[in-house]
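Novice: Structure, please.
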Amino acid sequence: MGFLIRVVVNAFAIWVVTLIPALQVTVVPFPPGDTLQMVLTLLIVAAIFALVNTIIGTVIKVLAFPIYILTLGLIGLLINGFLLWLTAWLTHWWNWGLRVEDFWWGLVAAIVISLINWIFGIFLRPKKD
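Specialist: As a prediction, this is how the structure comes out:
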């Protein structure tokens, strides 16, 4: 259940990022490109992004632990931008998916996605009794 909630929150965050034209991040929906196809594309891209974060992100964060300490965690911003770019690269082979035009704007988009995930995480986190 937690993974599904994470995917929905990621889909919402990616959709919000695509509404900011300066970030140059877009989502190309399945043909014919109606609302249903856009929602499905966002959910699939969010699932891929969650899997990339879970699998590859964890490995990178463990290997880069000394660099995290040296940079006081700021390297995490670059890693999140890289993971968003990697998600865009994984979906560019089809005629649909995430498009990140510039890595540095993708870095800013990853920061916005992280902030949205953090805010939703505060409200959706299970309460301890």
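Novice: pLDDT weak spots in this structure?
Specialist: Residue ranges of the chain with pLDDT under 70: 1, 129.
Novice: now the strands for it?
Specialist: 25-28, 97-100 (DSSP state E).
Novice: So what are the sheet partners of the last one and their directions?
Specialist: Counting by DSSP bridges, the strands paired with strand 97-100 are strand 25-28 (antiparallel).
Novice: how distant is the partner strand from the center of its chain?
Specialist: With CA atoms, centre = their mean, to the nearest Å as the basis, strand 25-28 stands 12 Å off its chain's centre.
Novice: got it, and stretch 34-52?
Specialist: For stretch 34-52, the distance to the chain centre is 11 Å (CA atoms, centre = their mean).
Novice: who's in contact with the closest residue to residue 116 other than its chain neighbours?
Specialist: In space, and not counting its chain neighbours, residue 116 is closest to residue 13: 3.9 Å by CB to CB, 6 or more residues apart in numbering. Every residue, glycine included, has its C-beta placed from N, CA and C. Applying CB atoms under 8 Å, 6 or more residues apart in numbering, we find residue 13 in contact with 46, 112-113, 116-117, 120.
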